[in-house]
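Asker: okay, sequence plus prediction incoming.
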Amino acid sequence: MNRLTIEQLSKTYPGGVKALNAISLELSNGMFGLLGPNGAGKSSLMRTIAGLQSPDSGRIIFNGSTVTPGSVLIKKQLGYLPQDFGVYPKLSAATLLDHLAILKGIAQKAERKEQIGALLQRTNLYAHKDKAVSSFSGGMRQRFGIAQALLGNPQLIIVDEPTAGLDPEERNRFNNLLSEIGEQVIVILSTHLVEDVRNLCTNMAIIQNGTLIATGRPDDFVKALDGKIWSKRIDKKDEAQQAHRVISSHFTAGKLHINVYAEDTPGDGFLPKQADLEDVYFTQLTQS
Ligand SMILES: Nc1ncnc2c1ncn2[C@@H]1O[C@H](COP(=O)(O)OP(=O)(O)OP(=O)(O)O)[C@@H](O)[C@H]1O
């Protein structure tokens, strides 16, 4: 069983943005979802865990060893799919994976060939192995991204908003792949998609303004909100805002609805709503 401990991690960028504020987390094998609004600090946390930047203070310990930028531990044990994978050279998928495998320290040619073949099969890219990665669709690029992250059989995999821009079929395909991987190693998934965390992750955290505001199991969070979320169709957005604790508003079939948090029925035409993880997310964000 792998174990990742994050202790009191803080990071302030030049210019004064406090991107991480004393974040502490404990992770073991399985998929861990990291949710938070734009600019919350998710990518900063991912990059710091991946050893691409140093924290100002705090520690990251993986399987008993402290993680520092550039350490062998990072090179051998970590697979990282950044939010923006950057340039896609005109090299074929197989050739690019071979270069990346050499960088990862897989010295034996036969071993690289075997691993790359298996990863191309696993990501459903084997038939395209001789095509340039630059010609790949968005979904194929992300699958290629996960193939390169899996080189060297890492025990800690970090994926930063991997399904942004993918169509529903590709998103499903990518998520299935992730959940298979998450059975044996630690996978940290940073995303805006609450539904993906609900479907894939056994544990999760929410961060806002660089601060950890909640951590736990999605199921437990949802259960804790049971009977406390109420919904109502309204005409004007500000109609019920003052009297109730509104956590979100949304359109259903073109009609505006609000969801409110209340321990007991708020009356006033509100109907009980089955709580879901999105309600958890908005309840947490609006109480912090
Ligand atoms: N290299 C940097 N230099 C200065 N400020 C930065 C840098 N990178 C990020 N920031 C700032 O730090 C804060 C956290 O950014 P970060 O990218 O970690 O958030 P995020 O949760 O990943 O956001 P998003 O969901 O939009 O990707 C933001 O205010 C951002 O503008």
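Answerer: Yep, that arrived. Numbers count the residues shown, from 1 in each chain.

Asker: where exactly do the helices run in the stretch 51-200 of the chain?
Answerer: Taking DSSP state H, counting those that start in this stretch, the helices of the stretch 51-200 of the chain run over residues 72-77, 93-103, 109-122, 138-149, 168-181, 194-200.

Asker: and the ligand, which of those helices is closest to it?
Answerer: Nearest of the helices of the stretch 51-200 of the chain to the ligand, taken as C-beta to the nearest ligand atom: helix 194-200 at 13.1 Å. (Each C-beta comes from the backbone N, C-alpha and C, glycine too.)

Asker: partner strands of whatever helix or strand comes next after the closest one, parallel or antiparallel?
Answerer: Downstream of helix 194-200, the first helix or strand assigned by DSSP states H and E is strand 203-208. Strands that pair with strand 203-208, judged by DSSP bridges, come out as strand 30-35 (parallel), strand 211-216 (antiparallel).

Asker: which one of those strands is the most hemmed in?
Answerer: Mean neighbour count (mean count of other C-beta atoms under 10 Å) peaks for strand 30-35 among the strands paired with strand 203-208, with a mean of 25.

Asker: need the helices of the stretch 51-200 of the chain in a markdown table with mean pLDDT and mean neighbour count, can you?
Answerer: Listed next are those as a markdown table, based on pLDDT from 0 to 100; neighbours: other C-beta atoms under 10 Å:
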| stretch | mean pLDDT | mean neighbour count |
| --- | --- | --- |
| helix 72-77 | 77 | 16 |
| helix 93-103 | 92 | 18 |
| helix 109-122 | 93 | 16 |
| helix 138-149 | 88 | 21 |
| helix 168-181 | 86 | 16 |
| helix 194-200 | 93 | 20 |
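
Asker: make JSON lines from these and add distance to the ligand to it.
Answerer: Shown next, in JSON lines, are the helices of the stretch 51-200 of the chain (distance: least, C-beta to the nearest ligand atom, whole Å):
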{"stretch": "helix 72-77", "distance to the ligand": "19"}
{"stretch": "helix 93-103", "distance to the ligand": "24"}
{"stretch": "helix 109-122", "distance to the ligand": "27"}
{"stretch": "helix 138-149", "distance to the ligand": "16"}
{"stretch": "helix 168-181", "distance to the ligand": "17"}
{"stretch": "helix 194-200", "distance to the ligand": "13"}
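
Asker: got those helices as JSON lines, with distance to residue 48 columns?
Answerer: Converted to JSON lines, the helices of the stretch 51-200 of the chain look like this (distance: least, C-beta to C-beta, whole Å):
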{"stretch": "helix 72-77", "distance to residue 48": "11"}
{"stretch": "helix 93-103", "distance to residue 48": "21"}
{"stretch": "helix 109-122", "distance to residue 48": "27"}
{"stretch": "helix 138-149", "distance to residue 48": "17"}
{"stretch": "helix 168-181", "distance to residue 48": "21"}
{"stretch": "helix 194-200", "distance to residue 48": "21"}
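
Asker: much appreciated, bye for now.
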